[in-house]
Structure formats: structure tokens, C-alpha cells
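J.: Quick one, fold the following:
(2 chains)
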Amino acid sequence: MYSYFIDDWVEDKKYKKDLDKLDLWLTQHGIVGRKIKLGRLHDLEASIEDCISGGARTIVAVGNDSTASRVLNAFLKLQPPKNINTDAAPARTASNSSVAFAVLPIGKSNLISQCLGARDLPGAVDILTKRKIATIDLGKLNDRHYFITAAIFPKKVSLGFLSYKVSSLHKDHQISVCNTNIFSAKGDMQNKGPFNPLDGRLEAVIAYRPRRPFWSRFSKDKSLPQEFLAESIFPIKNILVHGKQKTLKVLADVEKNLSSPVSAEIIPQAIDVVVGEKCSAWCVGAGA
Amino acid sequence: MIYVRNGINPVPNIYPSRGANTGLLPFIFEISSSTINNEINMFNKEKQARKEAGLTIEEGENETIIGPSVKVDGDFLSEGNVLVQGVVNGSLKTKGNLRVGEGAKIKANIDAHNAIVEGEVKGNVSVQDNLELGGSAVIEGDIITKILSIEPGAILNGHCSVSAANKAETEGSEPRVVKKTNENKKED
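T.: Purely as a prediction, here's the structure:
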């Protein structure tokens, strides 16, 4: 029923304890499945196809955001998104018959698993055991690369809408196209406010980093703002991002080099994912 | 000294205590909880009424936010609520409510359902229902609206047309006068 795709770097000595614990927890919860190790030259699509034809109902990426993105994009090549028509209204229903996608976080940069409700590995195993499923939207860049969280663009880009253009007056700003909330404080990755992966639209966000006083460099006060704060929000279904260079380095779950202008669009209700109970704020109608 | 029984900060109506059992201080005032609740209810009702009339836009309700460090060039179109704190050049149209914050600079014609203006606008403002000009508002252009309220300190350079003519048309309380055409006369 479960197929685990484990990235090759997870087998490093550093993460051996985590892997051993994971084995134990999976056995204890009775969700042991086929394990596939991902090498650089691994044919991921063939492996996923093999697992699905063998009866797997949950494809689990074990690793960080890069692993999850790699498995997700290969998975979507085999099973194209359910709803390509962007005008369709979100029905917010989860079909239990289809194959679901899940993430077990190991290592650093685990934004995807946090957005799906899992802060750490034990929490993610619990969520996987309960198998609460929600059908969420996905973002798509240049008509081929899918992302769950957000596409973060480099500086000196401008957002091109249908009839108007948006640019930032600040030097230290960040332009991103978000599906989920990436601006919450760490550990509180709830998708509140306009950031909802079920609403059938993306949010183009211009964020800025507040200036920190000089003395704060020597202070251990963690309450001081270090991250970017969302300042301007534009709800969109598709958008063109213009850069001054021919290729743009975009961080969309994983770093990608894409040709400019980069088109970003929403694919509503594209994929079934396993989510945590704390995602109930946006998982309306999610079935167990 | 003000003695508050239920822990809520006292503001307007303070009644002398009746039968307070402290006995040590000469004048002890207390506020009955019902009075405070009435005040809060009145405030909430007023707030609700203003919200229903489209005169207030709460922060979480804004779908589009144009921040203070953002510049928009072109014809901006929206179907939801819009909060402008930055710079807009071109035109600005929304089917929802518009709030122009203090410090915002708009060089554009504005079209909105309801609007609250607290910044600078150079252009004509056309609002279907309520237009509220805050104390810091500067408008250089003509205004067309149904209901207008202006706070002291607001600057308005331009013509101003306030009329409820549209309302009477939409409500349709009286039937329209039908003029007889030549064709109708022939039928008769």
C-alpha cells in the first residue's frame, strides 16, 4: 500500500539514527512498504509506475524539499493533474481511490512537510498512519515544473499582469508566487489568510526584510525579525515574471533555472496529499 | 479612585457606589457591568452597521494589498477589496471596497463600490455607494458618489456630485412613464 522513495544522501552516517528510528516506527504503526533508494541516475518514473501497478496507494518521499519535488514531478508526469481547466470551481472533495502523495522529512529545508502539517519525523509518521487526504492546488512554472509551496524569484524582477505591471521601490525585497503560506514564523506553518492551497488561485507576494538595528547583531533575541515579511499581495490565476537576464534562478521547492519571462499558473485540485490534523483550517471537506 | 468590579477599563459613565462594603475610602465609584456591556454592545452595533454600509474595511478582508514600497503602472482591475498604501499610476477599478491608506499616492481615475481615502489622489473618483474622506486625504479631481462624508482636515480641489438618483432607479418604487410612439398609436 505504501511506497517509500528514500534519497541517497539520507543514507549518510549523519542520518543513520533517523533512518533506523523510521524503520522502527513504520513497523510499529504497521505501515511498512516497498523502499526504493534514489540515485542520481535512477529512473524515478519507471519505479513509481511499477509501484502503482503493484497496488501502492501512497507514494512517500523520504528526504527534504528537493526529494519531495523530484518525486512529485515524476509522479505528475505519470498521473497528470486532475483538473487542468483553471476556470473550474474547486469542489473540495478528496477521492480515496487515487494515489496520494506524502512526505517524511529528514534533514534541513522541509517547507513542504511543514505546510502539510508535519513539523518533524515522528509527527509525519503519525500523519501518514492516519492518512487524512486533501486535494490541493499546485503551481506550475513554464508549463512543466510543478510546485506545492511557492516559487521565489531573484531580485530585480517585475510582475507582469494582464493590463498592469508591478515593481518594488525597495532594494532588499523578495518577489514570490505562493500557493501556501511561507511567511509564517517557523513552527506555525498554518495556511491562514489569503494563502490557501484549496482556493484555486495563487498569490503574487512582494515581501521585504525589515531593517535590524546594529546592536541586534550581537543580541540573541529571537523575537527580532530576520525573515521576509509579506507586504503586497495580489491574488492571481496566472502571471508572467520578467527578469533582466535570459534565465532566472527560481526556488520552487527546489532550485531551477528557467528561461525569462517565467509563466506561473495555478492547477486547481491537482493532487491528493496526506495532511495533518492541524491543517483543518484549510482542509475543508478533506476525507480520511 | 475608581473601583472597577469586573476588571474592564472604565471610560464614560461612572455612578456613585450604592452600599459598597469597603467603608475605608470616602468616595468609591463603581461601574455596573450592565452599563459597560451596553456600551460595548452599542459600539459593536455601530461597527456592524458601518461594516454593512461598506464604510469599514478590516485588514484581513483585503484581497489585494499594494504595499508602501510597491509601484503599480497601468490599468489595475480587481473584483475584491483593495488596500492601497503605495503608488498607483494609470487607472484603478474594483467591484469591491477600496481603501487608500495614509501615505499612498495615486495618479489615476478611481472606480469602486465603496471607498475610504486617507492618502493623495490626483484624478477623478467615482464611487457607487459610500465615499469617506479621512483627515489626511488630498483629492485633486472630481468626485461622483451617492453618500459622502468628509473629516475635518481633508483637502478637496474639484467638483463634487453627490446624489441618490441611482438608488431611486434601482429600487424601482414607481413605474416608469411610457411614452406613446407612432406605432403604438396605430395599434390603438
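
J.: Show me what from chain B comes close to chain A.
T.: Taking CB under 8 Å from any CB of the partner chain as the criterion, the neighbours of chain A within chain B are B:60, B:62-77, B:80, B:86-87, B:90. Placement of C-beta: from N, CA and C, glycine included.

J.: Which members of the residues you listed are classed as buried?
T.: A residue is treated as buried here by neighbour count (16 or more other CB atoms under 10 Å in any protein chain shown); on that basis the buried members of these are B:62-72, B:74, B:76-77, B:86-87, B:90.

J.: mind listing the helices for the stretch 101-250 of chain A?
T.: Using DSSP state H, counting those that start in this stretch, the helices assigned to the stretch 101-250 of chain A run over residues A:111-115, A:121-130.

J.: and the helix or strand of chain A with the lowest mean pLDDT, which strands flank it?
T.: The weakest-scoring helix or strand in chain A, judged by mean pLDDT, DSSP states H and E, is strand A:157-160 (a mean of 80). Here strand A:157-160 has these sheet partners by DSSP bridges: strand A:164-168 (antiparallel), strand A:238-243 (antiparallel).

J.: Against A:Tyr164, how distant is the residue of chain B found nearest chain A?
T.: Residue nearest to chain A within chain B: B:Gly74 (3.0 Å; CB to the nearest CB). From B:Gly74 over to A:Tyr164 the distance is 3 Å, taken as CB to CB, to the nearest Å.

J.: Then A:Ala61?
T.: Applying CB to CB, one obtains 39 Å for the distance of A:Ala61 from A:Tyr164.

J.: Please say which of the two ends up with more neighbours.
T.: Neighbours were counted for A:Ala61 and for A:Tyr164 using other CB atoms under 10 Å in any protein chain shown; A:Ala61 has more, 28 against 19.

J.: helices and strands around the helix or strand where the more buried one lies, which ones?
T.: Of the helices and strands defined by DSSP states H and E, A:Ala61 is found in strand A:58-63. Strand A:58-63 is packed against strand A:2-7, helix A:44-53, helix A:65-78, strand A:100-105, with contacts defined by 3 or more CB pairs under 8 Å, 6 or more residues apart in numbering or on different chains; DSSP states H and E.

J.: Residues touching stretch A:236-249, excluding its own?
T.: When contacts are defined by CB atoms under 8 Å, 6 or more residues apart in numbering or on different chains, stretch A:236-249 is touched by residues A:86, A:153-154, A:156-161, A:175, A:177, A:200-204, A:255-266.

J.: And these, which of them are buried?
T.: Members of the contacts of stretch A:236-249 that pass the buried threshold by neighbour count (16+ other CB under 10 Å) are listed as A:153, A:157-161, A:175, A:177, A:200-204, A:256, A:258, A:260-262, A:264-266.

J.: Restricted to strands, list those residues.
T.: With strands defined by DSSP state E, the entries of the buried ones among the contacts of stretch A:236-249 inside them are A:153, A:157-160, A:175, A:177, A:202-204, A:256, A:258, A:262, A:264-266.

J.: how far away is the residue nearest to A:Gly30 when sequence neighbours are not counted from chain B?
T.: Sequence neighbours aside, A:Thr129 is the residue nearest to A:Gly30 in space, at 8.0 Å (criterion: CB to CB, 6 or more residues apart in numbering or on different chains). Relative to chain B, A:Thr129 is positioned 35 Å away (CB to the nearest CB, to the nearest Å).

J.: ok, now which ones touch A:Thr129?
T.: The contact partners of A:Thr129, by CB under 8 Å, 6+ apart, come to A:His29, A:Gly30, A:Ile31.

J.: List buried members of the residues you listed by neighbour count.
T.: Neighbour-count burial (16+ other CB under 10 Å) applied to these gives A:Ile31.

J.: a markdown table for the contacts of A:Thr129, including secondary structure and pLDDT?
T.: What follows is the contacts of A:Thr129, written out as a markdown table (DSSP: H, G, I helix; E, B strand; the rest coil; pLDDT from 0 to 100):
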| residue | secondary structure | pLDDT |
| --- | --- | --- |
| A:His29 | helix | 90 |
| A:Gly30 | coil | 90 |
| A:Ile31 | coil | 90 |
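
J.: Is there a neighbour count for the closest residue in space to A:Thr180 that isn't next to it in sequence? I'd like the number.
T.: Once flanking residues are discounted, A:Thr180 sits nearest to A:Cys115: 4.3 Å by CB to CB, 6+ apart. For A:Cys115, the number of neighbouring residues by other CB under 10 Å comes to 29.

J.: what's the answer for B:Gly101, then?
T.: So B:Gly101, with other CB under 10 Å, has 19 neighbours.

J.: Those residues of the stretch 101-250 of chain A touching chain B, which are they?
T.: Applying the criterion CB under 8 Å from any CB, the portion of the stretch 101-250 of chain A that neighbours chain B consists of A:161-170, A:173, A:193-194, A:206, A:208, A:231-235.

J.: please redo it, this time with the cut-off set to 7 Å
T.: If contacts are counted using CB under 7 Å from any CB of the partner chain, the residues of the stretch 101-250 of chain A sitting beside chain B are A:163-170, A:173, A:193-194, A:206, A:208, A:231-235.

J.: Just these: which are in strands?
T.: Restricting those to those inside strands, with DSSP E as the criterion, leaves A:164-168, A:173, A:206, A:208, A:231-235.

J.: closest to B:Val121 among those residues?
T.: Proximity to B:Val121 was ranked across these by CB to CB; first place goes to A:Tyr164, at 17.3 Å.

J.: Distance check, the closest one against B:Phe76.
T.: A:Tyr164 sits 5 Å away from B:Phe76, taking CB to CB as the criterion.

J.: Determine the residues that are contacts of both of these two.
T.: Listed as contacting both A:Tyr164 and B:Phe76 by CB atoms under 7 Å, 6 or more residues apart in numbering or on different chains are B:Gly90.

J.: Now do the shared contacts for B:Gly74 and A:Tyr164.
T.: Residues touching both B:Gly74 and A:Tyr164 (CB under 7 Å, 6+ apart) are B:Gly90.

J.: Flag the shaky bits of chain A, pLDDT-wise.
T.: Along chain A, the parts satisfying pLDDT under 70 run over A:82-97, A:184-193, A:212-226, A:278-288.

J.: By proximity to chain B, which residue of it wins?
T.: Of all residues in chain A, A:Tyr164 sits closest to chain B, with a separation of 3.0 Å (CB to the nearest CB).

J.: Mind checking which of the ones in strands among the residues of the stretch 101-250 of chain A next to chain B are buried?
T.: For those, burial is judged from neighbour counts taken by 16+ other CB under 10 Å, and it is met by A:Tyr164, A:Val166, A:Ser167, A:Ser168, A:His173, A:Ile206, A:Tyr208, A:Glu231, A:Ser232, A:Ile233, A:Phe234, A:Pro235.

J.: Just give the number of residues close to A:Met1.
T.: 11.

J.: I'd guessed it sits against A:Arg57; true?
T.: Yes. Proximity of A:Met1 to A:Arg57 meets the contact threshold set by CB atoms under 7 Å, at 5.2 Å.

J.: ok so, going back, list the pairing partners of whichever strand or helix holds the residue of chain B closest to chain A within its sheet, with orientation.
T.: When elements are assigned from DSSP H and E, B:Gly74 belongs to strand B:70-78. When sheet partners are counted by DSSP bridges, strand B:70-78 sits next to strand A:164-168 (antiparallel), strand B:87-94 (parallel).

J.: Let's have those in JSON lines, adding distance to B:Gly134.
T.: Below are these laid out as JSON lines (distance: least, CB to CB, whole Å):
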{"stretch": "strand A:164-168", "distance to B:Gly134": "25"}
{"stretch": "strand B:87-94", "distance to B:Gly134": "17"}
